[in-house]
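>>> My questions concern the predicted model and sequence given below.
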Amino acid sequence: GIKKIVRDGGPSFTKGPNGDLNKYLEHQMKRLDRLAKTDPDRYWKLAQHLLRSSKALRIVAIRNVRPHWYKSVPADKVLEWMRELNGICYRPRETFEIQRTAIPKDDGTKRYINDPGVPWRMYLWMWNFMLHFFLKDRINPSQHGHRPGKGSVTCWREILDNVQGYKYIYEFDYKKFHDLIGRKFLLQSLLNYKFPEDVAIKLV
């Protein structure tokens, strides 16, 4: 009882309104990719310019941080986020704020998580985007966290591909790992990866 229409030939597509934005982003990604391999100083000048000024990058950030924002968030709230993100992009040090939330554990103690809020998460996503282009050819390909196209699924696929036949598999979880990483060690690691000193200091 369902009426259907069968069209002749395949579907046709019309251009959407975001063609110029996509073209701009593709151009900047090609520039970043090239400079990451040839000129770290110019790479980070371009990256910091885009972090501060690119409206297109901010739109991509909200799409990645809150992919279904258009379904569940009122328009005025989205505009508020974007206004706050705009302030963060121009004044990150002055606007930095973290909300700590306590999560009860089974043993009665509490685990604290830091929630910077949606605008700061968008800004951090934009930074991670820049780090990805700069580091993708410099770090171990088995690093799956915080990399486009990778995640827990690709990590498990690599594990399953490589551990078949082993009798035992050990998993290690370092207690208080992040609390114990020395900032001096972090700074030197970034410098070893050819980060300009001012960018490395800013990240640490």
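Everything's here; your move.
>>> can you map out the strands along this protein?
99-104, 110-115 (DSSP state E).
>>> Turn the ones you listed into a markdown table, columns for mean pLDDT.
Formatted as a markdown table, those follow (pLDDT from 0 to 100):
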| stretch | mean pLDDT |
| --- | --- |
| strand 99-104 | 85 |
| strand 110-115 | 84 |
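>>> Compare those strands and report which one is nearest to residue 3.
Proximity to residue 3, assessed across those by CB to CB, is greatest for strand 110-115 (50.2 Å). Backbone N, C-alpha and C define where each C-beta goes, glycine included.
>>> show me the biggest helix of the protein in terms of residues.
Of all segments of type helix in the chain, defined using DSSP state H, the longest is helix 19-38.
>>> Quick one: closest of the strands of the chain to residue 200.
Residue 200 lies closest to strand 110-115 among those, at 22.0 Å (CB to CB).
>>> in the closest one, what's buried?
Buried residues in strand 110-115, counting neighbours by 16 or more other CB atoms under 10 Å, are absent.
>>> partner strands of it, parallel or antiparallel?
The sheet places strand 110-115 alongside strand 99-104 (antiparallel), with pairing taken from DSSP bridges.
>>> and the strand it pairs with, C-alpha only, in CSV?
Only the C-alpha atoms of strand 99-104 are listed here, as CSV (Å, rounded to 0.1, in the frame of the first residue of the first chain):
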residue,chain,number,x,y,z
GLN,A,99,35.1,23.3,36.4
ARG,A,100,36.0,20.3,38.6
THR,A,101,33.4,17.7,39.1
ALA,A,102,33.6,14.9,41.7
ILE,A,103,32.7,11.4,40.6
PRO,A,104,32.1,8.9,43.5
